[in-house]
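Below are the sequence and a predicted model; questions follow.
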Number of protein chains: 2
Amino acid sequence: MARRRVSNPLALAVLSCLIERPMHPYEISTTLRERGKEHSIKLNYGSLYSVVESLQKHGLITAQETTRAGRRPERTVYAITDSGRAEFEDWLSELLSTPVREYTSLEAGLSLIGGLPPDVVADLLDTRVEKLRAEVGTVEGMLAGAREQGVPDLFLIESVFRVRMLRAEEEFVTQLSRDIRSSALPGTKAWGRVHQLIAAGTSFEEISADPLRYLGEEGRVLLPPEQPN
Amino acid sequence: MARRRVSNPLALAVLSCLIERPMHPYEISTTLRERGKEHSIKLNYGSLYSVVESLQKHGLITAQETTRAGRRPERTVYAITDSGRAEFEDWLSELLSTPVREYTSLEAGLSLIGGLPPDVVADLLDTRVEKLRAEVGTVEGMLAGAREQGVPDLFLIESVFRVRMLRAEEEFVTQLSRDIRSSALPGTKAWGRVHQLIAAGTSFEEISADPLRYLGEEGRVLLPPEQPN
DNA sequence: ATACAAGTACTCTACTTCGAGTAATCGATC
DNA sequence: GATCGATTACTCGAAGTAGAGTACTTGTAT
């Protein structure tokens, strides 16, 4: 996030519009919306205007003219510069060629599941599966609609990709929920035991002070500082 | 991102530590590191201290004591409150049960691929596949190591999930690159043609003013405002 | 004729995030 | 006993982000 002079991907979308022709910020936002880019790049007004300003400051775009239609607020039309065009190509190349570590909320949740009892977690995961299915349905509906309108797949790949990733997540979560319920996931027994003890009034500190006593051999994992994954 | 009083997932990790016992911020950071949580939750000092302050401000944790060992900087030890415990459970439940829209950099890139010529894009995607494979190798190495040390899968699910998602992405990108090279992806021909014209000196504005002339029937897609996906 | 919703085009501010920088201590080495 | 690097424990400021708010215009229904 640091290397790029302007790091918000919205800036890349702005550059992509200005490559076609000069526009004013509001026009950029409606263009992006029309083309459905807002489904793959987060777009909000606050960011848009500061991103445009920042692009200008760094010489990637220039203000062309400031017009005023009637008593409407001013509109500043921006054009891309050569340096902006270069940045666009370089940045887009990087996005496509180089995976970046994205911290998803599910990963965060999974890394802390020990904090809730196993049966509760399994229920929560089942709820997620339902929502994921609904989401897949929505995106596939959009895709079907767009294809019917004659939009070629080239303009739809982001959504095809999205469906693929949602499906992969759905499969994983389905299986995980099953493995928790059946205790096929190693560690589940001790995990459930800890939460039973807590519910019965034993404090976590007591348990972790002598896990072997409370949990038997399975408690051994609480003893050393766990190995990092 | 707005509903939660403190929205950074790091705050959830902080709460999870303080459920075990009171700690000072630096100790929290080393604990998280030891347990490998930093691989699934972004951890940096700047955020840590402001997140802790914010948690305190909202009554989710309280400062217990301020000690000073020698002439070292002060350490403030924090403890979780009942309200903090409730927030932890509620938040974690939400993370597990409710998918949130995450805008990945690849989606952003894919939605703008039109900006680079097809053959270049295919090469970039191949590069990505290599890097994804390397990444999968690294994470699987970590997993194997941890399992050898006796860490049960319960503490490794985030990484198992991560590998699954990386694999899904790899498969998609591999296939996409192939479909672009073979023009099996609908729209690829016109896309390549546009870039040939641009390389030959035709401006994008000229082409989009009369796409049928420059691209034939395939150019029709440039005519109407494309249907949103 | 008028009221009201929808669209146009931003502005403002409070908040969050990043990561480099700092400053003290400890242990090991030459 | 002086120096060096690692560890401990934060601080700071610049930058980015969210999204509610504003103020005008246009179209539509009553």
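Everything's here; your move.

Just the closest residue of chain A to DNA strand D, please.
Among all residues of chain A, residue A:46 sits closest to DNA strand D, at 2.1 Å; criterion: Cβ to the nearest atom of the strand. In short, each C-beta sits where N, CA and C put it, glycine included.

What confidence value was assigned to that residue?
Model confidence at residue A:46, expressed as pLDDT, equals 87.

For residue A:29, see how far away it is.
Plainly put, residue A:46 is 12 Å away from residue A:29 if you go by Cβ to Cβ, to the nearest Å.

Neighbour count for the two, which is higher?
residue A:29 (22 against 7; other Cβ atoms under 10 Å in any protein chain shown).

I'd like to know which elements the strand or helix carrying that one is packed against.
Element membership of residue A:29, judged by DSSP states H and E, is helix A:25-34. Applying 3 or more Cβ pairs under 8 Å, 6 or more residues apart in numbering or on different chains; DSSP states H and E, one finds that helix A:25-34 makes contact with helix A:9-20, helix A:45-57, strand A:75-80.

7 Å instead, please
On a contact count with 3 or more Cβ pairs under 7 Å, 6 or more residues apart in numbering or on different chains; DSSP states H and E, helix A:25-34 meets helix A:9-20, helix A:45-57.

Need the winner for burial among the ones you listed.
Mean neighbours per residue, mean count of other Cβ atoms under 10 Å in any protein chain shown, is largest over the helices and strands packed on helix A:25-34 for helix A:9-20, with a mean of 24.

Residue A:5 contacts residue A:58, correct?
Yes. Look at residue A:5 against residue A:58 with Cβ atoms under 7 Å: they come within range, at 4.6 Å.

the more surrounded of these two?
residue A:58 (16 against 13).

Could you pull up the residues touching that one?
A:5, A:6 (Cβ atoms under 7 Å, 6 or more residues apart in numbering or on different chains).

Would you mind measuring from it to residue B:197?
Taken as Cβ to Cβ, the span from residue A:58 to residue B:197 is 30 Å.

how about the strands of chain A, start to end?
A:61-67, A:75-80 (DSSP state E).

rank the ones you listed by mean pLDDT and give me the bottom one.
Averaging pLDDT over each of these puts strand A:61-67 lowest, since it has a mean of 82.

who does it touch, helix- and strand-wise?
Secondary elements touching strand A:61-67 (3+ Cβ pairs under 7 Å, 6+ apart): helix A:45-57, strand A:75-80.

Out of those, the one nearest residue A:12 is which?
helix A:45-57 (9.6 Å; Cβ to Cβ).

Just give me how far the closest one sits from the chain centre.
22 Å (Cα atoms, centre = their mean, to the nearest Å).

Same check on stretch A:146-166?
18 Å.

So stretch A:157-177, near chain B or not?
Yes. Judged by Cβ under 7 Å from any Cβ of the partner chain, stretch A:157-177 comes into contact with chain B through A:157, A:158, A:159, A:161, A:162, A:164, A:165, A:168, A:172, A:176.

May I have that stretch exported as PDB, CA atoms only?
Backbone C-alpha positions of stretch A:157-177 (Å, rounded to 0.1, in the frame of the first residue of the first chain) are rendered in PDB as follows:
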ATOM      1  CA  ILE A 157     -14.700 -12.000 -15.700                       C
ATOM      2  CA  GLU A 158     -14.600 -10.200 -12.300                       C
ATOM      3  CA  SER A 159     -18.000 -11.600 -11.500                       C
ATOM      4  CA  VAL A 160     -17.200 -15.100 -12.800                       C
ATOM      5  CA  PHE A 161     -14.100 -15.000 -10.600                       C
ATOM      6  CA  ARG A 162     -16.200 -13.800  -7.600                       C
ATOM      7  CA  VAL A 163     -18.600 -16.700  -8.000                       C
ATOM      8  CA  ARG A 164     -15.700 -19.200  -8.100                       C
ATOM      9  CA  MET A 165     -14.300 -17.800  -4.900                       C
ATOM     10  CA  LEU A 166     -17.700 -17.800  -3.200                       C
ATOM     11  CA  ARG A 167     -18.200 -21.400  -4.200                       C
ATOM     12  CA  ALA A 168     -14.800 -22.400  -2.900                       C
ATOM     13  CA  GLU A 169     -15.500 -20.700   0.400                       C
ATOM     14  CA  GLU A 170     -18.900 -22.400   0.600                       C
ATOM     15  CA  GLU A 171     -17.400 -25.800   0.100                       C
ATOM     16  CA  PHE A 172     -14.800 -25.200   2.800                       C
ATOM     17  CA  VAL A 173     -17.200 -23.900   5.300                       C
ATOM     18  CA  THR A 174     -19.700 -26.700   4.700                       C
ATOM     19  CA  GLN A 175     -17.000 -29.300   5.300                       C
ATOM     20  CA  LEU A 176     -15.600 -27.500   8.400                       C
ATOM     21  CA  SER A 177     -19.000 -27.400  10.000                       C
END
